[in-house]
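**Q** my questions are about this predicted structure, shown below with the sequence.
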Amino acid sequence: MLASLPGLMLLRDAAAAPTKVSVGTASEGGAFVLYGGALIDALKSVEPSLEMRERMTRGTLDNVPMLERGELDIGFVFGEVVHELFSGVGGATTKLTVISVMYPTPGMFAVRADSRYRSITDLQGRPVVWNARGSGLAVQGRYVMSGMGLDVDTYFDSVYPEQLSDGPAMVIDGTASALWGGGLRWPGFVTIANNPNGVRFVVPTPEETDRILAKYDFLRRFTVPAGLYAGQSEPIQSVGSWSFILARADLDETVGYRLAAGLHRVERAGLSPRQLGQSTAKNTLAAVSSPDVLHPGVRRFYQEQGLIK
């Protein structure tokens, strides 16, 4: 049973008046765009009362301030930035709330397979692309390198292009030695892997990983399964975080409830496309620091399902 009788009545009544929901994704070439398309299509099939509308943004860099200003209803945000928001790093704690996790985002460097770079120390002083300064990927890279005792702007010759698509091209043509990226089947990595020069992924060693996790306990160990990228014959162990769907502070409780119910229905019916396969209630509850950060509608739905008290 997906919802209690009151919940079903709420969903039935809401269906009479479709609700527009703006979704902040990212610019072309980002995994957020692929996820956004899958999310909108999946929810449309099970929750037609929600009219999901994608808004192209610069990703986390835009989504957080736009959510805080109420210019988006929901938006996609990197886990390291979510940690800062809920921990009050650099200011007051956020009033934004969590709808769901998206997917794990293990961070890695991609280098050309014909290069000499096999460790992070090999990249010292080399041009490394972190994507736009302040973007989710750049923030993630800063945390992971800081966990190793490295400053990204002094240890590397750091590059911060404005266009996400510039990074893979710079590695392919040799302008940059490495590109930092994250996620599973991240488009930038796919581009490099599919180039004739091939790709090699460089990640922290087990000892470096232990140091990173000892300093930043919100980061997690993740495995990149073998075969996700051309030429990647072995699984890769790295560190990163969960990316999240966040909601503006005053998003109506009914909308949050319907989003949670829709995602749960997609999951239970086996309708989840590959991009949404990790967006489960179980993963969400495991990833959040406390149920208190959940959107009130999501929290109520989880309570009705017996997932939380």
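**A** Yes, it's here.
**Q** buried stuff in stretch 136-149?
**A** 136-145, 147-148 (16 or more other C-beta atoms under 10 Å). Bear in mind the C-beta positions are built from the backbone N, C-alpha and C, glycine included.
**Q** among those residues, which are in helices?
**A** Judged by DSSP state H, helices contain the following of these: 136-145, 147.
**Q** and the two most separated of those residues?
**A** Largest separation among these by C-beta to C-beta: G136 and G147, giving 16.8 Å.
**Q** point out where this structure drops to low pLDDT.
**A** For the chain, applying pLDDT under 70 flags the ranges 1-17.
**Q** what about the helices in the protein?
**A** 5-15, 31-46, 60-68, 79-87, 136-147, 152-155, 166-172, 187-193, 206-215, 253-268, 281-287, 296-304.
**Q** would you turn those helices into CSV with distance to Q124?
**A** Below are these laid out as CSV (distance: least, C-beta to C-beta, whole Å):
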stretch, distance to Q124
helix 5-15, 56
helix 31-46, 28
helix 60-68, 27
helix 79-87, 23
helix 136-147, 11
helix 152-155, 6
helix 166-172, 17
helix 187-193, 21
helix 206-215, 14
helix 253-268, 43
helix 281-287, 33
helix 296-304, 44
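**Q** out of these, nearest to M102?
**A** helix 31-46 (5.9 Å).
**Q** enumerate the positions of that closest one that are buried.
**A** Residues of helix 31-46 classed as buried: 31-36, 38-40, 42-43, 46 (neighbour count, 16+ other C-beta under 10 Å).
**Q** neighbouring contacts of that helix?
**A** Applying C-beta atoms under 8 Å, 6 or more residues apart in numbering, the contact partners of helix 31-46 are 23, 25-27, 50, 52, 54, 56, 59, 76, 102-103, 183, 185-187, 243, 245, 259, 262-263, 265-266, 269, 271-276, 279.
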